[in-house]
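1. okay, sequence plus prediction incoming.
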Amino acid sequence: MFEAFRALTASGLGVIDVGARDGTHPALQEIAPLVELVGFEPDAEECAQLNAAPAPSGFRSVTYLPHALGAGDAEGTLHLCRSGGASSLLVPDRPFLDRFPNAERFDVVTACTVETKALDDIRSQETNPLPAYVGLIKVDTQGTELGILTGARGTLAEVSAVEVEVEFAPLYKSQPLFRDVDRFMAELGFSLFKLRRMQWVRNVAGVLPSRSAGQLVFGDVLYLRDPLAGGGTARLDDPRQAEALV
């Protein structure tokens with residue numbers, strides 16, 4: 001089936017996975033022969049485990065880097081939570097979280113100092129571990145997604161699809177919400193294509209959860225670069241972008 005993807009067969013399809021805990025996105029297995037995957041996971045222990053695990057089959061290459069991304073060079077604190085997937089460079093907003101069951105998974109059990117870098121700055125280095133062409137980006141970093149996207153403006157200019165975890169309510173202190181991410185992505189010419197929503201039922205409704213649809217808290221958003229944007233005059237003139245979109 002890959003005969004139709006001549007440009008990507010020649011160049012490879014670079015995929016950047018920011019917040020790579022738990023390994024490769026299942027959907028990528030479908031296109032593994034095209035994919036050069038680089039994952040960023042700032043939890044050094046988790047990153048080491050990812051690199052030590054057997055590489056997923058069929059991919060051109062898979063590499064995990066123990067770096068934190070952001071809007072630029074800065075020093076931050078990585079708050080490692082009881083549930084590893086809740087760890088973040090931001091502090092959990094416990095007054096909000098404590099309204100819901102299992103809030104203890106956001107307990108900060110340890111913290112460490114990390115240096116953040118912009119993705120564009122890493123790609124601009126003469127020697128860097130990233131694919132020459134990046135067509136897809138996935139960002140899931142528990143509240144810091146907008147800063148990472150801001151530091152990747154140059155990379156996003158060639159990207160066809162971006163999957164971002166977004167929050168509709170403040171799981172972490174001072175975090176950007178969906179409306180902020182969506183505005184930024186629209187300014188870069190991306191269209192919201194799919195939204196997977198997650199609701200939480202509050203403790204006060206726990207005895208009869210079936211009577212509450214819960215509160216919309218977070219979700220995963222898929223943005224695509226629309227080739228018909230701009231009144232039908234814009235076109236994807238790079239065949240790699242067009243093939244990545246398909």
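-> Okay, I see it.

2. now the helices for this structure?
-> Along the chain, the segments classed as helices by DSSP state H run 6-11, 44-52, 94-97, 119-124, 145-150, 153-156, 178-187, 239-245.

3. any idea how far Gln125 lies from Cys81?
-> Taken as CB to CB, to the nearest Å, the spacing of Gln125 relative to Cys81 amounts to 32 Å. Where C-beta positions appear, they are placed from N, C-alpha and C, glycine not excepted.

4. between the two, which has more neighbouring residues?
-> Between Gln125 and Cys81, counted using other CB atoms under 10 Å, the more crowded position is Cys81 (19 against 10).

5. now the spatially most central residue of the chain: how far from Asp238?
-> Central residue check for the chain by CA atoms, centre = their mean: the C-alpha nearest the mean position is that of Val139, 0.7 Å away. Distance of Val139 to Asp238, given as CB to CB: 22 Å.

6. before we move on, what about His25?
-> Here the distance between His25 and Asp238 works out to 23 Å (CB to CB).

7. the two: which is more packed in?
-> His25 (17 against 14).

8. ok, what's across the strand from the closest residue to that one other than its chain neighbours?
-> Taking CB to CB, 6 or more residues apart in numbering as the measure, His25 lies nearest to Lys138, with 6.0 Å between them; neighbours along the chain are not counted. Judged by DSSP bridges, the bridge partners of Lys138 are Asp17, Glu163.

9. since we're on Lys138, how many residues are nearby?
-> The burial metric for Lys138, expressed as a neighbour count using other CB under 10 Å, is 23.

10. give the contact list for Pro56.
-> With contacts taken as CB atoms under 8 Å, 6 or more residues apart in numbering, Pro56 has the following neighbours: 23-24, 29, 32, 62.

11. those into a markdown table, with extra columns for distance to Val166 and pLDDT?
-> As requested, the contacts of Pro56 are exported to a markdown table (distance: CB to CB, whole Å; pLDDT from 0 to 100):
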| residue | distance to Val166 | pLDDT |
| --- | --- | --- |
| Gly23 | 22 | 84 |
| Thr24 | 21 | 85 |
| Gln29 | 25 | 91 |
| Ala32 | 27 | 94 |
| Val62 | 26 | 93 |
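
12. now list the buried members of those residues.
-> 23-24, 32, 62 (16 or more other CB atoms under 10 Å).

13. now for those residues, which pair is the farthest apart?
-> Within the buried ones among the contacts of Pro56, Gly23 and Ala32 form the most distant pair, 12.9 Å apart (CB to CB).

14. need the winner for burial among the helices of the chain.
-> Of all the helices of the chain, helix 145-150 carries the top mean neighbour count, a mean of 23, counting by mean count of other CB atoms under 10 Å.

15. who touches that one?
-> The contact list for helix 145-150, computed with CB under 8 Å, 6+ apart, reads 18, 69-71, 118-119, 139, 141, 156, 162, 164-166, 176, 180-181, 184-185.

16. give the rounded mean pLDDT of that helix.
-> Mean per-residue pLDDT for helix 145-150: 97.

17. check the offset of that helix from the chain's centre.
-> In this view, helix 145-150 has its centroid 9 Å away from the chain centroid, taken as CA atoms, centre = their mean, to the nearest Å.

18. convert that helix to PDB, retaining C-alpha atoms only.
-> Listed in PDB are the C-alpha atoms of helix 145-150, where the atom choice follows Å, rounded to 0.1, in the frame of the first residue of the first chain:
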ATOM      1  CA  GLU A 145       1.600  21.900  25.500                       C
ATOM      2  CA  LEU A 146       1.100  25.500  24.400                       C
ATOM      3  CA  GLY A 147       4.700  26.500  25.400                       C
ATOM      4  CA  ILE A 148       6.000  23.500  23.400                       C
ATOM      5  CA  LEU A 149       4.000  24.500  20.300                       C
ATOM      6  CA  THR A 150       5.200  28.100  20.600                       C
END
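
19. lovely, talk soon.
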